[in-house]
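> Next comes the sequence, and after it the predicted model I'd like to discuss.
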Amino acid sequence: MNRFMEIIRDTKLDYHQKRSQLAYEAENTLPYLDIRQKSHDYLNKRIICDIFEGHAPYRPRYILPDYAIFMKNGSEYLNLKAPSDLYEAVNALLVIYRYVPSITGYPVYLGQVDELLEPFMDTVSEAEAEKLLKMFLVHIDRTLPDAFVHMNIGPKDTRVGRLILNLETELEKAVPNISLKYSEETPVDFAKLAVRTALEVSPGNKGWTNHL
């Protein structure tokens, strides 16, 4: 009971963090998974680690939703139709991220975002697209504060991919992580933009951009 009260009284935790940690403590009142005694001994000595994810895990650590199907068909469960413009597309992704199960409480994989949003770029002006994507990235940073959260762009050059890279240079946020999928289809200048973005966002590396 002392541990429960410590969590409740901890002024460094917000409501959602307290709720999550209280849930972990509740899980840990259950017996651990049926494993050999030798494995238990290794866990107790911290020779191996279960990442403190609970004695009765009931949600996955990594899950890779097919967001393309969601964008194409919408979701009856979420009462969302397939998006018809960039406003609806960005909103749809932010909604579904809330429902991706994960051990952390946050989605780990955000999808191939450039491919998901590029078909809607012509439904808004360039200025609107930039503002929408900026709000999209800020929303992710503020609501999914986990270092494992990531999205993919590339290997093809897209307007969405370039906007995301430019906005990341401006925002300089750690979340989401962005991976550039590279292939023979990737233009050199697009790859250089990705490298430049990585160097600009990483503390202490900005001087290296002069060599690109």
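It's in.
> Show me the shaky parts of the chain.
Low-confidence segments of the chain, defined by pLDDT under 70, are located at 1, 203-212.
> State the distance from Arg3 to Gln17.
Applying CB to CB, to the nearest Å, one obtains 15 Å for the distance of Arg3 from Gln17. Yep, even glycine has a C-beta here, placed from its N, CA and C like the rest.
> of the two, who's got more company?
Neighbour comparison, Arg3 and Gln17: the larger count goes to Gln17, with 14 against 11 (by other CB atoms under 10 Å).
> so is that one in a helix, a strand, or just coil?
helix (DSSP: H, G, I helix; E, B strand; the rest coil).
> what's around the residue nearest to Pro187 when sequence neighbours are not counted, how many residues?
In space, and not counting its chain neighbours, Pro187 is closest to Asp157: 5.0 Å by CB to CB, 6 or more residues apart in numbering. Residues within reach of Asp157, counting by other CB under 10 Å, total 16.
> Am I right that Asp157 falls within a strand?
No - Asp157: not assigned to a strand; according to three-state DSSP it is coil.
> Numbering from 15 from now on, please.
OK, 15 is where the count begins now, so the last one is Asp171.
> Could you identify the helix or strand that succeeds the longest helix seen in the chain?
Secondary structure of the chain per DSSP state H: the longest helix is helix 140-157. Following helix 140-157 in sequence order, the next helix or strand is strand 164-167 (DSSP states H and E).
> Direction included, what does that following strand pair against?
strand 123-126 (parallel), strand 191-194 (parallel) (DSSP bridges).
> rewinding a little: could I get the contacting residues of the residue nearest to Pro201?
By CB atoms under 8 Å, 6 or more residues apart in numbering, the contact set of Asp171 is Glu199, Thr200, Pro201, Phe204.
> out of those, which are buried?
Thr200, Phe204 (16 or more other CB atoms under 10 Å).
> Out of the contacts of Asp171, flag the one nearest to Glu41.
Closest to Glu41 out of the contacts of Asp171 is Thr200 (43.9 Å), distances taken as CB to CB.
> residue contacts, the closest one?
Gly168, Pro169, Lys170, Asp171, Leu194.
> How is this protein divided into domains?
For the chain, automatic domain parsing gives the domain ranges 16-58, 81-225.
> okay, now the closest residue in space to Val138 that isn't next to it in sequence: neighbour count?
Once flanking residues are discounted, Val138 sits nearest to Leu100: 4.7 Å by CB to CB, 6+ apart. By the measure other CB under 10 Å, the count of residues near Leu100 is 23.
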